[in-house]
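Visitor: here's a sequence, model it:
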Amino acid sequence: MSNLEGDPTETEVGGRARSSAPTDGPQVQLLPAREVPLGGPRAMLVRRSLPSRARTTVGAWCFVDSYGPAAGADVMVVPPHPHTGLQTVTWLVGGEALHDDSVGSQVRIRPGQLNLMTSGHGIAHGERSLAGDGAPLHGVQLWVALPEAHRHQTPHFEHHADLPRREVDGGRRTVLLGSHDGMTSPAATYSPIVGVEVRAGVGEVRLPVRADFEHAVLLVSGRVEVAGEHPDPGDLVHLGTGRDEVGLSVVEPAVLLLLGGEPFGEELVMWWNFVGRSHDEVVAAREAWQDQDKRFGEVPGWAEDSWLRAPELPNVRLRPRRR
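Guide: A predicted model of the protein is given here:
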């Protein structure tokens, strides 16, 4: 999925944001989602909670959108667009979608399956929702920043239809990335990271976590209390480091994502769909995309005039973002 904002340098955060001091250790920081149109004449609204002015990353997680439920076969149509320096993580809880990319992948994704695209030095892809079984489209799109040692690698794509999952206390936990509670995902990762879908009924839930990771909880649906916060669907609650478990009080049956990782120590320059390290690097990537350079390849099945053009760069140099 793309960041389709016309002015991607701006990051607006709702008035409920609260932050503790920006130090390591246990924290509680509510990051309210803001609505962003995904693009097109009938733009679907997504709820974006990361990046925000209050926080840029959680571990290597650097972008968090949730969307739906939204009905209709073509409710989401995201034409081909580029990415650099990141992995895209697509996870559905309802509906179906089709992924096409410039390394030759064409994959239908359904709930409980993982699409993981590693952009490396450059890739292009498009996505569209499908009628499928008629269920409304409902899911999340996340980005993971690639560390310096791996961000220039050859792009590739993975689809995982069978992920480790376990029934726990009447609910279910599925590991998307990394390891959790003795389960390890087969998906490729390039920094210490974890992503877990948690489905839970009403009651108390305890999630074991690594104390050296920072963690956050993304509410996808339902109602929960997390560390005294009551997030709305799409909101992210950042919990810092130094915890060996995360406790949840589920008020009504919920779906959420536990996101975490070793605090990401590298500075990032994030603009539109590029994750780099400098202004000049992002400018070069934009120019290559606008010139249809072979760096990004071709995405079959889409008309050439449907490909997204990059927004204009701001009139000031892009600056690195710190976590």
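
Visitor: quick one: mean pLDDT for stretch 282-289?
Guide: Averaged across stretch 282-289, the pLDDT comes to 98.

Visitor: got it, and stretch 67-77?
Guide: Average pLDDT, stretch 67-77: 85.

Visitor: same check, this time on stretch 259-272
Guide: The model assigns stretch 259-272 a mean pLDDT of 96.

Visitor: list the buried residues of that stretch.
Guide: 259, 260, 261, 262, 263, 264, 266, 268, 269, 270, 271, 272 (16 or more other C-beta atoms under 10 Å). To be clear about C-beta, it is placed using only N, CA and C from the backbone, and glycine gets the same treatment.

Visitor: so the fourth one touches residue 190, yeah?
Guide: Right, the one you point to is residue 262. No: using C-beta atoms under 8 Å as the test, residue 262 is too far from residue 190 to be in contact (11.6 Å).

Visitor: list the residues that contact both of the two?
Guide: Shared contacts of residue 262 and residue 190 (C-beta atoms under 8 Å, 6 or more residues apart in numbering): residue 60.

Visitor: and for the residue lying closest to residue 228 once chain neighbours are set aside, the neighbour number?
Guide: Leaving out its chain neighbours, the residue that sits closest to residue 228 by C-beta to C-beta, 6 or more residues apart in numbering is residue 28, at 6.5 Å. Applying other C-beta atoms under 10 Å, we find 15 residues neighbouring residue 28.

Visitor: returning to that earlier point: which one of the buried residues of stretch 259-272 sits closest to residue 103?
Guide: residue 272 (20.6 Å; C-beta to C-beta).

Visitor: show me which residues of the helix or strand hosting the residue nearest to residue 228 are buried.
Guide: Using DSSP states H and E, the element containing residue 28 is strand 26-31. Neighbour counts using 16+ other C-beta under 10 Å place 27, 29, 30, 31 of strand 26-31 among the buried residues.

Visitor: from those, pick the one nearest residue 89.
Guide: After measuring these against residue 89 - C-beta to C-beta - the closest member comes out as residue 31, at 17.9 Å.

Visitor: gap between the strand holding residue 28 and the chain center?
Guide: Centroid separation for strand 26-31 versus its chain: 19 Å, with C-alpha atoms, centre = their mean, to the nearest Å.

Visitor: what's it packed up against?
Guide: strand 236-240 (3 or more C-beta pairs under 8 Å, 6 or more residues apart in numbering; DSSP states H and E).

Visitor: buried stuff in the following helix or strand past the strand it packs on?
Guide: Next in sequence after strand 236-240, counting helices and strands by DSSP H and E, comes strand 245-261. By 16+ other C-beta under 10 Å, the buried positions in strand 245-261 come out as 246, 248-250, 253-261.

Visitor: what sits against the closest residue to residue 67 other than its chain neighbours?
Guide: Excluding the flanking residues, the one nearest residue 67 by C-beta to C-beta, 6+ apart is residue 46, at 4.3 Å. By C-beta under 8 Å, 6+ apart, the residues touching residue 46 are 1, 35, 36, 37, 38, 65, 66, 67, 141.

Visitor: which helix or which strand is home to residue 46?
Guide: Following DSSP H and E, one finds residue 46 within strand 45-50.
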